[in-house]
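# Sequence and predicted structure below; questions after.
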Amino acid sequence: MGMDLVRRRDSRKWSCSNALWLYLLDAAMKAGWKPSGTENKSEEKGNHDAQDYHSHNGQIVTSSDAEQIHKCLQTFIRQHNPTGIEKEVLESFIEWVARRDENNTLVDVPGFIIR
């Protein structure tokens, strides 16, 4: 089973393996990301672990948290120069997480849902 993410506002999907998702989160943290925690839109808020970025429970990564991941991954790439599949997944996520207009200008980083 892999990680399936859905970008908020336009429902664009992005997926990767569990191992690459852990690598991505670790890379963001190495570059300074401090997870602010996920939100849970379901009524069962008592069972929600805000630090859970791994399970498939529909947890929401907020716009501000997603923007920090985006920025930190860009920093990580500049500082560590990853190669191979690691570089590909980081670049793919960076491209996916930020919405851009037809001129490739950044519109926003709307956050996403982990499914």
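Looks like it came in fine.
# Find the residue at the geometric middle of this protein.
With distances taken as C-alpha atoms, centre = their mean, residue 66 lies nearest the centre of the chain, 5.7 Å away.
# What separation is there between it and residue 93?
Per C-beta to C-beta, to the nearest Å, residue 66 is found 10 Å from residue 93. The way it works is simple: take the backbone N, C-alpha and C, and place the C-beta from them, glycine included.
# Likewise for residue 84?
15 Å.
# And for residue 112?
From residue 112 over to residue 93 the distance is 10 Å, taken as C-beta to C-beta.
# Would you mind telling me which of those two has the busier surroundings?
residue 112 (26 against 22; other C-beta atoms under 10 Å).
# Residue 85 belongs to a helix, doesn't it?
Yes - the assignment for residue 85 by DSSP: H, G, I helix; E, B strand; the rest coil puts it in a helix.
# So for it, what's the nearest residue that isn't a sequence neighbour?
Spatial nearest neighbour of residue 85, chain neighbours left out: residue 20 (7.1 Å); criterion: C-beta to C-beta, 6 or more residues apart in numbering.
# Please identify every residue contacting each of residue 112 and residue 93.
With contacts defined as C-beta atoms under 8 Å, 6 or more residues apart in numbering, the residues shared by residue 112 and residue 93 are residue 14.
# Contacts only, for residue 8.
60, 63, 110, 111, 112, 113.
# just checking, residue 97 touches residue 69?
Yes - look at residue 97 against residue 69 with C-beta atoms under 8 Å: they come within range, at 7.0 Å.
# out of those two, which sits in the more crowded spot?
residue 69 (26 against 21).
# Let me know the average pLDDT across the helix or strand containing residue 90.
Per DSSP states H and E: residue 90 is located in helix 84-97. Helix 84-97 comes out with an average pLDDT of 97.
# which other helices and strands contact it?
strand 2-7, strand 13-17, helix 18-30, helix 63-80 (3 or more C-beta pairs under 8 Å, 6 or more residues apart in numbering; DSSP states H and E).
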